[in-house]
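J.: Sequence plus the predicted model coming up.
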Amino acid sequence: MEGYRESRVMKEELSLEEIRLIKEASRRLGIFAFKITGGEPTLRDDLVDIVRILKEDNSYVSITTNASLIHNHLPGLVDAGINHVNVSLHALNEASFQRITGSKMLKRVLNNLRLLRDYNVPVKINFVILRGLNEKDIPKIIDLAAELGAMVQFIELHPVGKAVKTFREHYLPRWRVLELLEERIVSIDYRLGLHNRPIIVLDNGVKVELVGPVGNFLFCAGCTRIRVTYDFKLLPCLNWEGPPIEVRPRLSKTTSFDEKISVIIGAIKEANKLRRPFVMYPLGAKIPVPRGKWRTMRLGLPKSDGRLVYTGKDSERHLKLYLSEWGKYALF
């Protein structure tokens, strides 16, 4: 769930009743994984109640947070059954942290990370790699993860939202992380179906995921998410530029519980039909891909066993050619 916590929009935030409707519609569609994001979800006093609702039917529920207020919701989140917490931590240097976040809360965030460890909550540290700001902290964040028993996700800066203005200045390609960690890599595995990302195991046991959306068609091909905004609109993609699917106007015409569920199911299916990769596969292109007009295809959603579904003329042949030339590195 995407959201923003500003006074002028707080009254428009999803209610617990609406979250119950989303949960039931999702259950009937076979959706059992939810990530609560934002904005900053820990600003909601009822965060634990939200997790309890979403955890029904033993669903997988995680939270993405800056961890500055997570202590206010412990041990409630543990009792509600939270599966893991993603903590956004993009610097271990006070000055860099303040420049990136606009706050002086590095010490509090680090204390709360240790608090999560003490409560045995699995943690993934989200670290957006930024040229000129935090390259020197990459080895340090690995050491911190080892101390906490956490995973690390190194994420490329993506030209979305405010990052559009700073992308050229601070973009650092994902392969830069591989250069810095090369001597410490024990093995590399791959996760198909969640942005087709590599998982690197280091010599100290820390697992590192490389999240590389920039120019990466296989990243888009592995996305199966639908985004619910704070004011109950549906988006097929964070980069979606078309109109959202507005749910509340449709619900206003219903009376019974089942009618509401049917409306939400229809809205989710409609949003899913709008899905298309933000980065398209260039058919017939040699590697590296040349500039110019590309013929494109749509890479379909992955099957439950990890197989990709393709549409488009000769698409499977072209994909096999790509993978044969670049091997597993194509998944980066």
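T.: Structure's in. What do you need? Numbering: from 1, shown residues only.
J.: hey, which helix is longest across this structure?
T.: helix 257-273 (DSSP state H).
J.: So residue 253, which state does it fall into?
T.: The three-state label given to residue 253 by DSSP: H, G, I helix; E, B strand; the rest coil is coil.
J.: Once you drop chain neighbours, what's closest to it?
T.: Of all residues not flanking residue 253 in the chain, residue 263 sits nearest, at 8.0 Å (Cβ to Cβ, 6 or more residues apart in numbering). All C-beta atoms are positioned from the backbone trio N, CA, C, and that covers glycine.
J.: do the same with residue 143
T.: residue 204 (7.9 Å).
J.: go on, residue 264?
T.: residue 25 (3.9 Å).
J.: if we can go back for a sec, which SS class is the residue nearest to residue 143?
T.: Going by three-state DSSP, the secondary structure assigned to residue 204 is coil.
J.: Secondary structure element holding the closest residue to residue 186 other than its chain neighbours?
T.: Spatial nearest neighbour of residue 186, excluding adjacent residues (Cβ to Cβ, 6+ apart): residue 201 at 4.8 Å. Under the criterion of DSSP states H and E, residue 201 resides in strand 197-202.
J.: swap in residue 159?
T.: Here residue 159, judged by DSSP H and E, is contained in no helix and no strand.
J.: how many other residues sit next to it?
T.: 16 (other Cβ atoms under 10 Å).
J.: pLDDT wise, what is it at?
T.: Looking at residue 159, its pLDDT reads 71.
J.: contacting residues around it?
T.: Residue 159 sits next to 167, 171, 214 when contact means Cβ atoms under 8 Å, 6 or more residues apart in numbering.
J.: Distance from the chain centre to stretch 249-257, please.
T.: Relative to its parent chain, stretch 249-257 has a centroid offset of 31 Å by Cα atoms, centre = their mean, to the nearest Å.
J.: How about residues contacting that stretch?
T.: 21, 260, 263, 264, 266, 267.
J.: Columns secondary structure on top of the contacts of residue 159, output as JSON lines?
T.: JSON lines is the format used below for those (three-state DSSP):
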{"residue": "167", "secondary structure": "helix"}
{"residue": "171", "secondary structure": "strand"}
{"residue": "214", "secondary structure": "coil"}
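J.: Of these, which count as buried by neighbour count?
T.: Using 16 or more other Cβ atoms under 10 Å as the burial test, the contacts of residue 159 include residue 171 as buried.
J.: Show me the strands in the stretch 1-150 of the chain, by range?
T.: For the stretch 1-150 of the chain, the strands defined by DSSP state E, counting those that start in this stretch cover 33-36, 60-65, 84-88, 123-129.
J.: For residue 109, find the nearest of those strands.
T.: strand 84-88 (7.2 Å; Cβ to Cβ).
J.: what's the nearest residue to residue 136 if we skip its chain neighbours?
T.: Excluding the flanking residues, the one nearest residue 136 by Cβ to Cβ, 6+ apart is residue 93, at 7.6 Å.
J.: Tell me how far that neighbour lies from residue 262.
T.: Separation of residue 93 from residue 262 (Cβ to Cβ, to the nearest Å) stands at 52 Å.
J.: Hmm, residue 266 and the residue nearest to residue 264 touching each other?
T.: No. Counting by Cβ atoms under 8 Å, residue 25 stays clear of residue 266, with 9.2 Å between them.
J.: still on that earlier bit, in a markdown table: the strands of the stretch 1-150 of the chain, plus distance to residue 142, mean pLDDT and mean neighbour count.
T.: Output for these, formatted as a markdown table (distance: least, Cβ to Cβ, whole Å; pLDDT from 0 to 100; neighbours: other Cβ atoms under 10 Å):
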| stretch | distance to residue 142 | mean pLDDT | mean neighbour count |
| --- | --- | --- | --- |
| strand 33-36 | 24 | 96 | 20 |
| strand 60-65 | 20 | 97 | 21 |
| strand 84-88 | 15 | 97 | 21 |
| strand 123-129 | 10 | 96 | 22 |
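J.: And the protein, what are its domain boundaries?
T.: Following automatic domain parsing, one gets these domains for the chain: 10-221, 281-331.
J.: Quick check on the residue sitting furthest away from the middle of the chain: phi, psi?
T.: Computed with Cα atoms, centre = their mean, the maximum C-alpha offset from the centroid of the chain is found at residue 255, amounting to 34.6 Å. The phi and psi values for residue 255, taken as degrees, to the nearest 10, are phi -130, psi -50.
J.: Once you drop chain neighbours, what's closest to residue 115?
T.: residue 71 (5.8 Å).
J.: Noted, bye for now.
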